[in-house]
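J.: heads up, no residue letters with this:
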Ligand code: IMP
Ligand code: MG
């Protein structure tokens, strides 16, 4: 089982990058009060950690979207909308991963129509080689290889989000055949990747 996944980013790698992204946001938004929007569910863990690395009067809001049908068509439905109006606010959309970019393109156009003062993206992972719609990702954690990844918010069929590190799945068919077979990932707390 071990050889079917490769650790891409350890918990330490993630902590370090998230700290740097938070410092970057703190610098760029000095004197302003940005709203950090978490895109549920995958982005929630990153959002929570990023927020603690931002040294500003930042506020938060949450949004939940779902794609219609299988895979990324770019047509998404807003399942839970923001609580507050973002008109005139400095908005940062916090995403776990940008793959084709279709989901985020749709989301950004929906948010732009609400006339925020500014609208930027902070994504932990950028699978840039897969991009279909060009997108400007202002704050980016890692340029991610074109592999299916799991952990730190990213799921397969709603599981593995709780891994504190990120792995690339080498055998996606094996994962599809038996999603719960990758139990070796759920190691002890003393695991070196945590
Ligand atoms: P996009 O519209 O193709 O950019 O899709 C983005 C969404 O697809 C992300 O927010 C994730 O929910 C999901 N996604 C894309 N790649 C992966 C992956 O490697 N692992 C888990 N989820 C992924
Ligand atoms: Mg997502």
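T.: Done, it's in. The structure presented is a predicted model; accordingly, all values stated were derived computationally and were not measured. Ligands and ions are numbered 1, 2, ... in the order given.

J.: and the residue of the chain found nearest ligand 2, helix, strand or coil?
T.: Relative to ligand 2, the nearest point of the chain is residue 42 (3.9 Å; C-beta to the ion). Where C-beta positions appear, they are placed from N, C-alpha and C, glycine not excepted. Three-state assignment for residue 42 (DSSP: H, G, I helix; E, B strand; the rest coil): coil.

J.: just residue 20 next, same as before
T.: Assignment for residue 20 (three-state DSSP): helix.

J.: before we move on, the earlier item: now the residue of the chain closest to ligand 2: closest residue in space, sequence neighbours ignored.
T.: Distances taken as C-beta to C-beta, 6 or more residues apart in numbering put residue 96 closest to residue 42, at 3.7 Å, once the chain neighbours are dropped.

J.: element containing that neighbour, please.
T.: strand 90-98 (DSSP states H and E).

J.: what is that strand packed up against?
T.: Here strand 90-98 touches strand 35-40, helix 44-52, helix 102-112, strand 118-126, going by 3 or more C-beta pairs under 8 Å, 6 or more residues apart in numbering; DSSP states H and E.

J.: sheet partners, orientation included, of it?
T.: If you go by DSSP bridges, strand 90-98 pairs up with strand 35-40 (parallel), strand 118-126 (parallel).

J.: now do the same contact list for residue 60.
T.: With contacts defined as C-beta atoms under 8 Å, 6 or more residues apart in numbering, residue 60 is in contact with 35-38, 47, 51.

J.: do that again at 7 Å, thanks
T.: 36, 38, 51 (C-beta atoms under 7 Å, 6 or more residues apart in numbering).

J.: closest to ligand 1 among those?
T.: Checking the contacts of residue 60 against ligand 1 by C-beta to the nearest ligand atom gives residue 38 as the nearest, at 11.8 Å.

J.: give the contact list for that closest one.
T.: Contacts of residue 38 by C-beta under 7 Å, 6+ apart are 44, 47, 60, 62, 94.

J.: so for residue 65, what's the pLDDT?
T.: Model confidence at residue 65, given as pLDDT, is 89.

J.: bridging residues for it?
T.: Legend: beta-bridge partners of residue 65 under DSSP bridges are residue 78.

J.: what about it, how many neighbours?
T.: Using other C-beta atoms under 10 Å, residue 65 has 17 neighbouring residues.

J.: that one and residue 154, how far apart?
T.: Residue 65 is 16 Å from residue 154, where distance means C-beta to C-beta, to the nearest Å.
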